[in-house]
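Q: model this:
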Amino acid sequence: MKGRFFLPLAMILVVTPASFAQTSGGEMKPVTYKVVDGSKVDANTLQGWRTWRALACERCHGAKQEGLVGPSLIDAFKTLDKTEFHRTVFGGRVDKGMPDFSTSTMMQKNWENLYAYLKGRSDGKINPGDLQAIDAK
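A: Numbering: from 1, shown residues only. Okay, the predicted model is just below:
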């Protein structure tokens, strides 16, 4: 009987990529992104990619997030959790050249979407380059 419960659960975990992040209330909430064919993503993840582009993050982290003067985010997101990401973008690492984006309205509205986009890139599910909405023709 126990096996019948775990099989559907395992299937859900495979279909929906997710990592978990702690909310301010201490509960764990999934960070999810949806991707089809490597370049079609859900609306939130698309907004995260647009945030990446608008804030010109590629100047330091590279167009494929593999690093330039800043570190590879492909590697960093293997272990970087949502709390540390938030701390980094809203506090910066000025001594290492990472600016503080706390005054950016776009970052304030979209940091979780950006996290989802970068997590999808790190997981190898989202291809580098231009993205479009899942429902785009």
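
Q: Every contact and neighbour count from this point should use C-alpha atoms.
A: Fine.

Q: K34: neighbour count?
A: 22 (other CA atoms under 10 Å).

Q: for the one 10 residues further on, same thing?
A: The local packing of N44 (other CA under 10 Å) involves 19 other residues.

Q: can you check P128 too?
A: 13.

Q: okay but it is in contact with G62, surely?
A: No: using CA atoms under 8 Å, P128 makes no contact with G62, being 10.4 Å away.

Q: And stretch 101-116, what's buried?
A: Within stretch 101-116, the residues scored as buried using 16 or more other CA atoms under 10 Å are 101-102, 106-107, 110-116.

Q: worst-scoring helix or strand of this protein, pLDDT-wise?
A: Using mean pLDDT, DSSP states H and E, the weakest-scoring helix or strand in the chain turns out to be helix 2-15, at a mean of 40.

Q: quick revisit: save the buried residues of stretch 101-116 as CSV, and put in distance to D75, pLDDT and secondary structure too.
A: Output for those, formatted as CSV (distance: CA to CA, whole Å; pLDDT from 0 to 100; DSSP: H, G, I helix; E, B strand; the rest coil):
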residue, distance to D75, pLDDT, secondary structure
F101, 22, 97, coil
S102, 24, 97, coil
M106, 25, 97, helix
M107, 22, 97, helix
N110, 22, 97, helix
W111, 19, 97, helix
E112, 19, 97, helix
N113, 19, 97, helix
L114, 16, 98, helix
Y115, 14, 98, helix
A116, 15, 98, helix
